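Undergrad: Let's see this in three dimensions:
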Amino acid sequence: MALQIVNLEKRHNRSAFTCKHSSLEDYIKKNASQDVKRNLSACFVLEDGDTVLGYYTLSSNGDTREDFPEEMLKGLPTAYRTLPTVLLGRLAITDSQQGKGYGEVLLLHALNRILLTSQTIGVVAVVVDPIDKSAEDFYLKYGFIKTDGKRMYMPKGVISGLLNN
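TA: Here you go, the predicted model:
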């Protein structure tokens, strides 16, 4: 069966998913289904049959102007104290599948979904909170902008440019 990215379902086998970050492993095994049921996030899995090789989550979000990188605020009205974003909350690949480019596949899939969503609701940027330096470096490679805090942003315009290349 070919690999594909689909919404998380009950049929997905998550028991074999391992990750060096226990929080990412525990989330897919124990919490993802509940968060989806509670409408807290949408979870998409890279599947091989029913086996989960990787996943990501998306949630609607709002960030205050103070959180944004200064260069992203140009042209945005100051009347908006909170700006609409989409949170890419988690992105993980099981340990046995690391180094195969699946992280990029999931990221680009997520960004495409966000771009489609932005045709229906306002989205200024996608936001990530990298779990470690390696994740931060991964996101920097795709054009995310670091802030003074841990959070990183990618403006909607960058998403369009990245996906159209």
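
Undergrad: list the helices and strands the worst-scoring helix or strand of the chain on mean pLDDT packs on?
TA: Taking mean pLDDT, DSSP states H and E as the measure, the helix or strand of the chain with the lowest value is helix 156-163, at a mean of 89. Here helix 156-163 touches helix 102-117, strand 125-128, going by 3 or more CB pairs under 8 Å, 6 or more residues apart in numbering; DSSP states H and E. (C-beta placed from N, C-alpha, C; glycine too.)

Undergrad: and with 6 Å instead?
TA: Packing contacts for helix 156-163, counted by 3 or more CB pairs under 6 Å, 6 or more residues apart in numbering; DSSP states H and E, involve helix 102-117.

Undergrad: As a check, name the ranges of all strands in this structure.
TA: Secondary structure of the chain, counting by DSSP state E: strands at 4-7, 42-48, 51-64, 82-93, 125-128, 145-146, 152-155.

Undergrad: wait, what's in contact with the spatially most central residue of the chain?
TA: When the chain is reduced to its mean C-alpha position, the closest residue under CA atoms, centre = their mean turns out to be residue 88, at 2.6 Å. The neighbours of residue 88, taking CB atoms under 6 Å, 6 or more residues apart in numbering as the test, are 110, 126, 128.

Undergrad: mind listing what the last one touches?
TA: Spelled out, that is residue 128. Under the criterion of CB under 6 Å, 6+ apart, the contact partners of residue 128 comprise 88, 139, 152.

Undergrad: partner residues bridging the first one?
TA: Counting by DSSP bridges, residue 88 is bridged to residue 58.

Undergrad: Also the one 4 residues further on?
TA: Legend: beta-bridge partners of residue 92 under DSSP bridges are residue 55.

Undergrad: What distance do you get for it to residue 28?
TA: 7 Å (CB to CB, to the nearest Å).
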